[in-house]
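1. this is a predicted model, with the sequence first.
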Amino acid sequence: MSSSYLPATTDSIAQAVEAKDPSEGISILYRILDDPSSSSEALRIKEQAITNLADLLRQENRAEDLRSLLTQLRPFFSLIPKAKTAKIVRGIIDSVAKIPGTSDLQISLCKEMVQWTRAEKRTFLRQRVEARLAALLMENKEYSEALTLLSGLVKEVRRLDDKLLLVPSQLLGQLQMLYMYLLLNKAL
């Protein structure tokens with residue numbers, strides 16, 4: 001991020017959107033995020049800047065920059081509600097997923113975010129990121145790690161009675177078991 005900041009205003013966002021080339025828009029958005037103001041209006045503008053920045057970085061196929069953006073935003077996440085943090089984190093992970101050839105980066109990013117969510121005690125977000133990680137591990141044919149992750153996640157989600165996450169987690173686990181069963185039968 002640059003040393004001089006731009007005030008977190010709608011005019012600054014408009015300036016970034018109207019920038020002639022993406023790298024200029026990206027630079028402006030980073031400068032908006034550097035604004036030390038933490039008023040509710042400034043936080044709202046910064047959230048908008050993050051969304052725009054993630055979109056620009058995705059369009060430019062800058063997956064590593066998206067990853068570092070998540071790390072840079074951690075102090076900001078302490079200023080906003082956990083639900084908004086979860087939305088931003090999932091949005092950035094989704095942006096990385098839209099860039100071709102980033103499955104290994106997605107896995108390491110999800111693992112990094114799981115560690116952070118554990119440290120910050122953000123259970124809801126951790127569970128969603130772990131479910132995403134399990135799906136990525138299955139796609140990468142890392143079945144034992146995915147199964148370990150899923151079994152722990154299903155137990156925890158069942159205990160918390162989170163039906164929205166429980167059903168997809170169980171289905172993912174059952175699909176994996178079926179796939180492994182079919183592979184074993186083929187081998188015999």
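-> Structure's in. What do you need?

2. domain ranges for the protein?
-> Structural domains assigned to the chain are 1-100, 101-188, following automatic domain parsing.

3. I'd like those domains laid out as a markdown table, including mean pLDDT and mean neighbour count.
-> Yep, even glycine has a C-beta here, placed from its N, CA and C like the rest. Listed next are these as a markdown table, based on pLDDT from 0 to 100; neighbours: other C-beta atoms under 10 Å:
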| stretch | mean pLDDT | mean neighbour count |
| --- | --- | --- |
| domain 1-100 | 93 | 16 |
| domain 101-188 | 79 | 16 |
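
4. which residues in the protein form helices?
-> Assigned by DSSP state H, the chain shows helices spanning 10-17, 22-33, 40-59, 63-72, 74-77, 82-97, 103-119, 123-139, 143-160, 163-187.

5. so which of those helices is nearest S4?
-> helix 22-33 (6.7 Å; C-beta to C-beta).

6. quick one, the closest one and helix 63-72 angle?
-> Inter-element angle recorded for helix 22-33 and helix 63-72: 0 degrees (by axes from the mean of the first three to the mean of the last three C-alpha atoms, to 10 degrees).

7. counting by contacts, list what helix 22-33 packs against.
-> helix 10-17, helix 40-59 (3 or more C-beta pairs under 8 Å, 6 or more residues apart in numbering; DSSP states H and E).

8. how far is it from where the chain is centred?
-> 20 Å (C-alpha atoms, centre = their mean, to the nearest Å).

9. isn't R67 up against L105?
-> Yes: because the distance of 6.6 Å satisfies C-beta atoms under 8 Å, R67 is recorded as touching L105.

10. shared neighbours of those two, anything?
-> Common contacts of R67 and L105 (C-beta atoms under 8 Å, 6 or more residues apart in numbering): V96.

11. quick check: the gap between the closest residue to D55 other than its chain neighbours and Q72.
-> Counting by C-beta to C-beta, 6 or more residues apart in numbering, D55 lies nearest to S95, which is 7.1 Å off, once chain neighbours are set aside. From S95 across to Q72, the span is 15 Å (C-beta to C-beta, to the nearest Å).

12. likewise L43?
-> Taking C-beta to C-beta, one finds L43 at 16 Å from Q72.

13. for M138, same thing?
-> M138 is 30 Å from Q72, by C-beta to C-beta.
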